[in-house]
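>>> Would you be able to build a 3D model of this:
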Amino acid sequence: MKIIVVNNRKGGVGKSTVSTHLASGLALSGYRVAIVDTDAQGHSAKMFGMPKENGLYRILCEEEVAFQDVVRVVPKERYAPPGYEGKPTLFILPSDKLTVRIPTDNQNPFAFRQMLDAMDELLGLDFIIVDTGPTASMFDGSVNFAANYFLYVTEMAHLSFDGLAESVREMKTLNKQSGNYRTWETQILGIVPNKTRYNTRVQRRSSEELSKEFPGLIWQSVMLATLWEECAKNGQMIFSLDPDSREAAQGYALVEQALAGMAAYGS
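Predicted coordinates for the structure are as follows:
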């Protein structure tokens, strides 16, 4: 089981869109996948047309709460193409407003990783995708500690790059400080340029800047398109909403690049 944390300190860059589509695409590729939402906005569940719930808070902070009480199976019609006959292999641990209270109501810095390991033992997972919020909190240390990989999402804009740089600095600091407490070093799986516009001078310059700063880590761009907003509005992934679209191909590319990146690291 590998844990991929989707991150950027800049809000509104599309982390939930990338998180849910990567998780869905991996599930459609035959893997068992869970999404864990650590953002109090609870947008991961909303992306599937499911209600926000304080599932993450309850499993970490309330006694006698079992995973069966809080983990939800994502209905396959929310992410699979029409006619898909496979069994649902996508789960979600949703969040809501109480998530902001986790660091004070549960102060065990290892609790999040322990919870993910317990989820894996119960569900037999291949991947856990962690959707994060933009606002720094005391809980971030526990989330980042658990990661095998960071996947960064950025718009091709200066402020988004600033949020990306801050997130990468946090990861490097974490690796230095965590050597005595874990056996792995977190790696950058990739950087997803999101909401990219076609062939503008600003976009080209931004792309050059990003490639120079992070050589070999820049994934195929996810282009700005109204279909992504339609996905959110309808509570569906692009694979079920419009499986033959250019945007669906970009969604499947996320999966291909994730698997290739992990293979390059030997995972």
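>>> other SSEs contacting the top strand by length along the chain?
For the chain, the strand with the greatest residue count under DSSP state E is strand 187-196. In terms of contacts (3 or more C-beta pairs under 8 Å, 6 or more residues apart in numbering; DSSP states H and E), strand 187-196 is packed against helix 15-28, strand 149-155, helix 158-177, helix 201-213, strand 222-223, helix 246-264. All C-beta spots, glycine's among them, are computed from the backbone N, C-alpha and C.
>>> between those, which one is nearest to residue 191?
Distance to residue 191, taken as C-beta to C-beta, is lowest for strand 149-155 among the helices and strands packed on strand 187-196, at 4.6 Å.
>>> how near is residue 51 to residue 92?
11 Å (C-beta to C-beta, to the nearest Å).
>>> Mean pLDDT and distance to residue 130 for the helices and strands packed on strand 187-196 - can I get that in a markdown table?
As requested, these are exported to a markdown table (pLDDT from 0 to 100; distance: least, C-beta to C-beta, whole Å):
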| stretch | mean pLDDT | distance to residue 130 |
| --- | --- | --- |
| helix 15-28 | 97 | 8 |
| strand 149-155 | 92 | 10 |
| helix 158-177 | 80 | 13 |
| helix 201-213 | 81 | 23 |
| strand 222-223 | 93 | 19 |
| helix 246-264 | 97 | 14 |
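>>> now the ones you listed as JSON lines including distance to residue 58 and mean neighbour count?
Below are these laid out as JSON lines (distance: least, C-beta to C-beta, whole Å; neighbours: other C-beta atoms under 10 Å):
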{"stretch": "helix 15-28", "distance to residue 58": "21", "mean neighbour count": "26"}
{"stretch": "strand 149-155", "distance to residue 58": "26", "mean neighbour count": "26"}
{"stretch": "helix 158-177", "distance to residue 58": "27", "mean neighbour count": "16"}
{"stretch": "helix 201-213", "distance to residue 58": "39", "mean neighbour count": "13"}
{"stretch": "strand 222-223", "distance to residue 58": "33", "mean neighbour count": "19"}
{"stretch": "helix 246-264", "distance to residue 58": "29", "mean neighbour count": "17"}
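>>> Of all the ones you listed, which one is nearest residue 42?
helix 15-28 (9.4 Å).
>>> Fine by me, we can end here.
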